[in-house]
Structure formats: structure tokens, C-alpha cells
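Participant: Based on what follows, work out the 3D shape:
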Amino acid sequence: MSLPIGHATIGFTAYSLFCRNGSSLGGWKVPLGILVLSNLPDVDVALGIVLQGNGSAFHRGPTHSLVFALVAGFLAYRVWELWLQWPKLSFKVCFLLILSHILADAALTSSPISFFWPVIVNWSSGHSGLGDVVNLVLFGNYQDVTIIFGCGLFILLHRTLKEFGAVILQK
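Facilitator: Reported below is the predicted structural model:
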């Protein structure tokens, strides 16, 4: 199960691998944008706590869908295009960062997600109150060590192969 640090790491990895100048984060604004967008689908946990006192009430529903990634990616792109203080992230980047969260949840957890919402809807089961969510976010991130390590190795391997390919092409 990925937690905020794990999702952010996966987002940074996706940005590094698939976005032009992925190694250049340019100050603090791009990393903040990556952090926000790669964790955006979990806004359903906050909504569940506020509306029903249960972080699991709406979890893995519409915000974990392809439709949400497309719509929220477009809205983020438009907002950040108009707001001069934020980094200029393309629609492709915004979409990819949100999608990285959804795919990570699909691959790394046993609970189903609502990828094809509204055709298929899956909800998380159980109850997680505010204390449970805060405790998990603050003290449960040790679970993401494997994700962080794996993503670091993946980026290193990608960059090594990319440089090796450039050297081969120069010869």
C-alpha cells in the first residue's frame, strides 16, 4: 500500500522517466506540483472524513478512475497555466502524475479501484477515522521504503542506459 511519500516517489519517478528535462526540477515549485498531483486521488479520504467521519467512505471510488485523471489533469493544467506563481506543467505531465497514483494503487494493493468509473465502481471497505488516517500518514510511511528504493534503482538504471545509448550512438 502506497502512502503519500510512496505516491510522491512514484510521481517523481514518472516525471523523471517520461517528461522532458525530468532530471531538472527547477526550484521548489515543480516538486510541489508533483507532490500535490501524485497524491490528488486521495482527496477522497479527506472528503470521507469531513462528510462522514470515515476516511474509507469514498476511498477508491471516482477519484481513482481514468476519468478523474483526465479531468483533474486538465483542470490542473489550466489552473497552473493561468496562475503565474505555479510551474508550467503540461496536461500530459498533470495527467501522468495523477495516473501514477491510480496505477500504483491498482498494482500495489489488494483492494480494487474504480479505474473505469462510472461503468465500474469499487469502494474501500472498513472504517478509518481522522486519528487512524493521521497515524498512518505520519507513522506508516516506513511501508514505502521498498517503493522509494525501487524507484531510485529504476531511475538510476534508466539514466545509465540512456547515457550508455548516447555513448554508443556517438561512436
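Participant: Residue 97: what's it in contact with?
Facilitator: Residues touching residue 97, when contacts are defined by Cβ atoms under 8 Å, 6 or more residues apart in numbering, comprise 11, 14, 15, 33, 34, 37, 38, 73, 89. Placement of C-beta: from N, CA and C, glycine included.
Participant: Residue 161 versus the fifth one, what's the distance?
Facilitator: Same thing as residue 34. Using Cβ to Cβ, to the nearest Å, residue 34 is found at 23 Å from residue 161.
Participant: With neighbour numbers in mind, choose between those two.
Facilitator: Here residue 34 and residue 161 are compared on neighbour count by other Cβ atoms under 10 Å; more neighbours surround residue 34, at 28 against 10.
Participant: now residue 34: how far from residue 50?
Facilitator: When Cβ to Cβ is applied, the distance between residue 34 and residue 50 equals 25 Å.
Participant: what does residue 104 give?
Facilitator: With distances taken as Cβ to Cβ, residue 104 is found 24 Å from residue 50.
Participant: In which helix or strand does residue 101 reside?
Facilitator: Residue 101 is part of helix 91-108 when elements are defined by DSSP states H and E.
Participant: One more: residue 81?
Facilitator: Going by DSSP H and E, residue 81 is in helix 66-82.
Participant: Who are the packing partners of that helix?
Facilitator: Packed against helix 66-82 by the contact rule (3 or more Cβ pairs under 8 Å, 6 or more residues apart in numbering; DSSP states H and E) you find helix 29-39, helix 91-108.
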